[in-house]
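1. everything below, folded, please.
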Amino acid sequence: MSEGECSRSESGVVMRSGRGQQISANGVSYTGEWREDKMNGGGTVTYPSGATYEGQFQDNRYHGVGTYRFPDGSQYMGDFCDNR
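-> Next comes the predicted model:
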């Protein structure tokens, strides 16, 4: 399920663009910025395990400054590059 802003590509394809929310069938939710139908910019992902990532995304990957909180309450705050 997706809610939020959309735009149309030059070829006419509707893509998520701007702010929005997506909840996948497996319970993963994302709220944040979209560009060219990918998570790009600031946002938050919440996993069914209770883990969360809040920070910057680039092409659907953690990329930039962010905070990953583990289900046990521990966290990593810092720079991420290509999901690492």
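
2. could you use CA atoms for every contact and neighbour count after this?
-> Noted.

3. and the nearest residue to I23 once chain neighbours are set aside, what is it in contact with?
-> Leaving aside its sequence neighbours, I23 sits nearest to S29 (CA to CA, 6 or more residues apart in numbering; 4.3 Å). Contacts for S29 (CA atoms under 8 Å, 6 or more residues apart in numbering) come out as Q21, Q22, I23, V45, T46, Y47.

4. can I get these in CSV with secondary structure?
-> Formatted as CSV, the contacts of S29 follow (DSSP: H, G, I helix; E, B strand; the rest coil):
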residue, secondary structure
Q21, strand
Q22, strand
I23, strand
V45, strand
T46, strand
Y47, coil
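
5. where's G20, which helix or strand?
-> strand 14-23 (DSSP states H and E).

6. what are the contacting residues of that strand?
-> By CA under 8 Å, 6+ apart, strand 14-23 touches 1-9, 29-38.

7. from those, which would you call buried?
-> Neighbour counting with 16 or more other CA atoms under 10 Å marks C6, S29, Y30, T31, G32, E33, W34, R35, E36, D37, K38 as buried within the contacts of strand 14-23.

8. which of the residues you listed sits closest to N83?
-> Nearest to N83 out of the buried ones among the contacts of strand 14-23 is K38 (CA to CA; 14.2 Å).

9. brilliant, that's me finished.
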